[in-house]
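Asker: give the three-dimensional model of this entry:
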Amino acid sequence: KGRGYNIDLVPKLSLSAGSLVQALLKSGVGRYLEFMPLQCTLIAQGDTLAKVPMSKADIFQSQSLTPIEKRILMKFVQRC
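Answerer: This is a model prediction of the structure:
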């Protein structure tokens, strides 16, 4: 028999410190789930999607941010 697999066409997003994730782990169901970090976040800007910078490299390479916005965002990322 071939390997069975499932593709979720609508992935679910849960905050890692949220009550839902804590309940799943406590109940033991978490053993059957796959928890993955976000690879990227997109926002709608008009008719296009723009990638939200999530790392130092992304912030400095972003052409949509001004130098002042990059500085503010870097301070925020470093504190998180």
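
Asker: what part of the protein, helix or strand, is modelled with the least confidence?
Answerer: strand 42-45 (a mean of 82; mean pLDDT, DSSP states H and E).

Asker: in it, what's buried?
Answerer: Buried residues in strand 42-45, defined by neighbour count with 16 or more other C-beta atoms under 10 Å: none. C-beta here means a position set from N, CA and C on the backbone, and glycine is covered the same way.

Asker: in its sheet, what does that strand sit against?
Answerer: Partner strands and pairing direction for strand 42-45 (DSSP bridges) are strand 48-51 (antiparallel).

Asker: and the contacts of the partner strand?
Answerer: Cys40, Thr41, Leu42, Ile43, Ala44, Asp58, Ser64 (C-beta atoms under 8 Å, 6 or more residues apart in numbering).

Asker: check Glu69 and give its pLDDT.
Answerer: At Glu69, the model reports a pLDDT of 91.
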